[in-house]
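Chemist: what would the 3D arrangement of this be:
(2 chains)
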Number of protein chains: 2
Amino acid sequence: MQIIHSGDEVRQLVWSMRGRGKTVGVVPTMGALHDGHVSLVRKSVELCDHTIVTIFVNPTQFAAGEDLEKYPRTFDADCQAVKAAGAVCVFSPSITEMYPDGCSTFVDPPAVALPLEGISRPEHFRGVTTIVAKLFNLIPATHAVFGSKDYQQLKVVEAMVSDLNFGIQIVAGGIIREPDGLAMSSRNRYLSPADRASALSLSAALRGAKELARGGETDIAKLEAAMQKSLAGVDKLEYATIVDANTLQPMQTLRSPAQALIAARVGTTRLIDNERIL
Amino acid sequence: MQIIHSGDEVRQLVWSMRGRGKTVGVVPTMGALHDGHVSLVRKSVELCDHTIVTIFVNPTQFAAGEDLEKYPRTFDADCQAVKAAGAVCVFSPSITEMYPDGCSTFVDPPAVALPLEGISRPEHFRGVTTIVAKLFNLIPATHAVFGSKDYQQLKVVEAMVSDLNFGIQIVAGGIIREPDGLAMSSRNRYLSPADRASALSLSAALRGAKELARGGETDIAKLEAAMQKSLAGVDKLEYATIVDANTLQPMQTLRSPAQALIAARVGTTRLIDNERIL
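Modeler: Next up, the predicted model:
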């Protein structure tokens, strides 16, 4: 396992790979890797000649009062998981490597960042687009693999890549779920047994909406009401909505492509989940 | 002369050059090339194996009411000037190539963008950092050459490159002046003969401040007062100031590195100029 901490070093490595005509995949993560991340690493390993997994808990995407300090750090286990998934290179910079004193340029995210998470976490996507731009500049890869659980993040990154002309292909991985339906998340380890039971209502609400849609229901208000009913047991429902899957703009009547997205607090843990409805 | 309009095409070209181990210089311009630009192209040609000159009048760095529509377009003469300077490749995209519908990601400029031009033209540097980021992503060059007449722009681009980890070396060209001292600018062609005479007070004020400083004057207030006196004939003085040459923050007593910067309207034309004082 090659562990790189220096931005210059990882850039040199990627340039040397590309100079030899190789494809390079990057899988940006905040560590605390679970099977969802592992599936992304595997996807990159299948697609590309070389894969670099980045592990960096990015402070600029956490607001004050969010879980930056307690965010799980499991570096050694993460490296084992990367290795098991078939990759051999981890880029793990320090905070001062990524944000030295005086660093003050940010990437203002695209319009698709404004609804949903953009309302719940107004600074979040600015931190995401900034760190992703920085990582893409340090790692001039051919492909970057992002998960779909953070569906809006995926759309934000796709739009940023297109708007700012990054020469990298964004590849989306699917959502990996526990056997009972809970979407895998680094934050699931915060859940108490009672929280864990309550958290199942997110995926249940999405499945329920999808079944109603398959059964012919096209009234978004009714579909959303059904999701909200399923989510009655969560501690705080931030949103449970069905929107245009590309723009994330609301719709009145179900039409393709439609994505259902949920954000809710269970105990003190904030969870998100989503599903293509049509 | 190779003229490229497509972003994908120029990226392919640059990758093929770099894949052969060549250095590539990019010289971003808005066209209307004068001897100042030509000196930048020459610098790139001397430094790098290949040079790409970009010609794009970037709408996002003009505010409403500024001179976007009347900004001089002299494409054929520009290509001749590029050729005479020893470069053979021009990237000249359309507005829809650079800003397709829905394009909504911007680069929020660094702190050094806030004073001076940041006050006079609050949206300007956001447009500059955004287009420069886009061009650097389309043209993954080893070097980029920027002029020093837009001194704050040079500092903004340097900070952006460092903050966002662009793998490109910024090279600064000097200010090229007319024999009478007027800094070359694409906007000089707007000046009437009377404006032209009045415009000389910018470079005269800078020379005067430098002479006073050489004579031992270290009181910034006195140095700035002398500049303002020299500039009494301009139609609107926006600023005439001496600041830290790196941070562009004010200083009370002259210390190195100190940069004098002026922005003023002469007739309807906005001119800027600057000089290292110490």
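Chemist: and the stretch 151-278 of chain A, which residues reach chain B?
Modeler: Contact residues, the stretch 151-278 of chain A versus chain B (Cβ under 8 Å from any Cβ of the partner chain): A:159-160, A:162-167. C-betas here are computed from N, CA, C, even on glycine.
Chemist: so does the helix or strand hosting residue A:54 get close to chain B?
Modeler: Residue A:54 is part of strand A:50-55, with elements assigned from DSSP states H and E. No: using Cβ under 8 Å from any Cβ, strand A:50-55 stays clear of chain B, with a minimum separation of 12.3 Å.
Chemist: any regions of the stretch 51-200 of chain A where pLDDT drops low?
Modeler: Within the stretch 51-200 of chain A, no stretch falls below the threshold (pLDDT under 70).
Chemist: thinking again about what came up before, could I get the residues of the stretch 151-278 of chain A next to chain B in JSON lines, plus columns for secondary structure and neighbour count?
Modeler: Shown next, in JSON lines, are these (DSSP: H, G, I helix; E, B strand; the rest coil; neighbours: other Cβ atoms under 10 Å in any protein chain shown):
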{"residue": "A:159", "secondary structure": "helix", "neighbour count": "23"}
{"residue": "A:160", "secondary structure": "helix", "neighbour count": "26"}
{"residue": "A:162", "secondary structure": "helix", "neighbour count": "15"}
{"residue": "A:163", "secondary structure": "helix", "neighbour count": "23"}
{"residue": "A:164", "secondary structure": "coil", "neighbour count": "22"}
{"residue": "A:165", "secondary structure": "coil", "neighbour count": "20"}
{"residue": "A:166", "secondary structure": "coil", "neighbour count": "23"}
{"residue": "A:167", "secondary structure": "coil", "neighbour count": "19"}
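Chemist: from those residues, which is closest to residue A:207?
Modeler: The closest of these to residue A:207 turns out to be residue A:159 (Cβ to Cβ; 28.4 Å).
Chemist: any idea how far the nearest residue to the closest one once chain neighbours are set aside is from residue B:116?
Modeler: The shortest distance from residue A:159 to any residue other than its chain neighbours is 3.9 Å, reached at residue A:110 (Cβ to Cβ, 6 or more residues apart in numbering or on different chains). Counting by Cβ to Cβ, to the nearest Å, the gap from residue A:110 to residue B:116 is 29 Å.
Chemist: what's the domain layout of chain A?
Modeler: As given by automatic domain parsing, the domain ranges for chain A are A:2-172, A:186-276.
Chemist: what's the first-to-last distance across the last one?
Modeler: In terms of Cα to Cα, to the nearest Å, the two terminal residues of domain A:186-276 are separated by 22 Å.
Chemist: out of the domains of chain A, deepest packed?
Modeler: Neighbour counts (mean count of other Cβ atoms under 10 Å in any protein chain shown) averaged over each of the domains of chain A peak at domain A:2-172, with a mean of 19.
Chemist: tell me the contacts of the residue in the stretch 151-278 of chain A that chain B sits nearest to?
Modeler: In the stretch 151-278 of chain A, no residue comes nearer to chain B than residue A:163, which is 3.6 Å away by Cβ to the nearest Cβ. The neighbourhood of residue A:163, defined by Cβ atoms under 8 Å, 6 or more residues apart in numbering or on different chains, consists of A:110, B:103-105.
Chemist: residues in contact with stretch A:168-185?
Modeler: With Cβ under 8 Å, 6+ apart, stretch A:168-185 has contacts from A:25-26, A:34-36, A:39-40, A:43-44, A:47, A:136, A:140-149, A:154, A:157-158, A:161, A:188, A:196, A:199-200, A:202-204, A:207, A:271-275.
Chemist: mind listing what the strand holding residue A:54 pairs with, with the direction of each?
Modeler: Counting by DSSP bridges, the strands paired with strand A:50-55 are strand A:24-29 (parallel), strand A:89-91 (parallel).
Chemist: can you list contacts of it?
Modeler: A:10, A:13-14, A:17, A:22-31, A:41, A:44-45, A:75, A:78, A:82, A:86-93, A:135, A:139, A:141.
Chemist: go on, stretch A:269-277?
Modeler: Contacts of stretch A:269-277 (Cβ under 8 Å, 6+ apart): A:117, A:148-151, A:175, A:183, A:185, A:187-188, A:190-191, A:195, A:199, A:202-203, A:206-207, A:209-210, A:213, A:223, A:238, A:242, A:245, A:254, A:257-265.
Chemist: same thing but at 6 Å, please
Modeler: A:151, A:183, A:187, A:190-191, A:199, A:202-203, A:206, A:209-210, A:213, A:242, A:258-264 (Cβ atoms under 6 Å, 6 or more residues apart in numbering or on different chains).
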